[in-house]
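Undergrad: No letters, just coordinates:
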DNA sequence: GCTTTGACTCTCG
DNA sequence: TCGAGAGCCAAAG
């Protein structure tokens, strides 16, 4: 199993309505490849299966998304996550830690 | 193999 | 609050 697959595996565990950060994922993989994590999600081939849109930046902002940040935000709100100006509302409570 | 490029994070001013 | 700079890791060229 390569690095990318590990990242996707972890992402899959994020419960609906919650969000996690690139950092948390990296930590879960026992590495500091925050950027590589984002890179892996960017190439995520399991778009609907793996909820990569639930992964945001550590400061609570949405971050990027292959199909555009707007789309990412819409998906999150559809799951009950409030977002305003690229920022997760109540991020501290919604953040899912492993 | 070395260099470049990111859906990143931290620290400082 | 905000931007710049440095540090970080994997993948692609």
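TA: Arrived safely. Remember, it's a predicted structure, so these values are computed and weren't measured experimentally.
Undergrad: Next, give phi and psi for the closest residue to residue A:69 other than its chain neighbours.
TA: Closest residue in space to residue A:69, ignoring its immediate chain neighbours: residue A:62 at 5.7 Å, by Cβ to Cβ, 6 or more residues apart in numbering. The C-beta positions use only the backbone N, C-alpha and C, and glycine is treated the same way. Dihedral angles of residue A:62 (phi, psi; degrees, to the nearest 10) stand at phi -60, psi -40.
Undergrad: and residue A:62, what is it in contact with?
TA: Contacts for residue A:62 were tallied using Cβ atoms under 8 Å, 6 or more residues apart in numbering; they are A:56, A:69, A:72-73, A:76, A:83, A:86-88.
Undergrad: try residue A:18
TA: Contacts for residue A:18 (Cβ under 8 Å, 6+ apart) come out as A:54, A:81, A:94-96.
Undergrad: Check residue A:94 too.
TA: Counting by Cβ under 8 Å, 6+ apart, residue A:94 has contacts A:17-19, A:81, A:88.
Undergrad: Among those, which pair sits farthest apart?
TA: A:17 and A:88 (11.8 Å; Cβ to Cβ).
Undergrad: ok, now how distant is the residue nearest to residue A:69 from residue A:31?
TA: 23 Å (Cβ to Cβ, to the nearest Å).
Undergrad: Does residue A:21 touch residue A:56 like I think?
TA: Yes. Proximity of residue A:21 to residue A:56 meets the contact threshold set by Cβ atoms under 8 Å, at 6.0 Å.
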